[in-house]
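> the sequence and its predicted three-dimensional model are supplied below.
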Amino acid sequence: MLRRIKIVLAVALSVYSAYGFCEAVELQNFNKVSLASVYDGDTFKVYLSCRYPVFCKAIPVRVRGVDCPEMRGGTKETKTAAKAAKAFTKDFLKSGKILLRNCGRDKYFRLLCDVKVNGKNLAEELINNGHGVPYDGGKK
């Protein structure tokens, strides 16, 4: 019985790696997206282009390269800053066609992307306008 389990596991692992599931995932770009909602300055949801809209759900996106104040917890000043960052992001994303570039997954399984609208990078704009700080994904 134990030998059968070992054989099944060996076959499963060889099939799993043969199809490239164990390799690094190639980063993707998305051109046809529409804004669903904005949670805070560096997190929002989009609808990706989908053949069958009834099955499409809003996908969470984390903006690569920036960290903004959080909506939950913190002081009154932090919440005020978080609301300002959220409003900035909402206006930015509504100002033109949203392009998601170099998308992978973050530790919470959200899309982690460079976000551009009208040739401008959202992370850079948040930082330049005082709504966020540079962030590389490590500990804060």
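Good, I have the coordinates.
> use CA for all of it now, contacts and neighbours both
OK.
> now do the helices in this structure.
2-18, 76-94, 122-128 (DSSP state H).
> weakest of these by average pLDDT?
Among these, helix 2-18 has the lowest mean pLDDT, at a mean of 39.
> look up how far residue 80 lies from the closest residue to residue 134 other than its chain neighbours.
Nearest residue to residue 134 in three dimensions, chain neighbours excluded: residue 66, at 4.6 Å (CA to CA, 6 or more residues apart in numbering). Using CA to CA, to the nearest Å, we find residue 66 at a distance of 18 Å from residue 80.
> please apply the same query to residue 123.
Residue 123 is 19 Å from residue 80, by CA to CA.
> same question for residue 70.
As judged by CA to CA, residue 70 and residue 80 stand 10 Å apart.
> which one of the two has more residues nearby?
More neighbours surround residue 70 than the other of residue 70 and residue 80, with 20 against 14 (other CA atoms under 10 Å).
> now that one: closest residue in space, sequence neighbours ignored.
Per CA to CA, 6+ apart, closest to residue 70 is residue 82, 5.7 Å.
> now do the contacts for the nearest residue to residue 48 once chain neighbours are set aside.
Nearest residue to residue 48, sequence neighbours excluded (CA to CA, 6+ apart): residue 33, at 4.7 Å. Counting by CA atoms under 8 Å, 6 or more residues apart in numbering, residue 33 makes contact with 46, 47, 48, 49, 98, 99.
> can I assume the last one is in contact with residue 115?
The one in question is residue 99. Yes. Contact between residue 99 and residue 115 holds when scored by CA atoms under 8 Å: they sit 5.9 Å apart.
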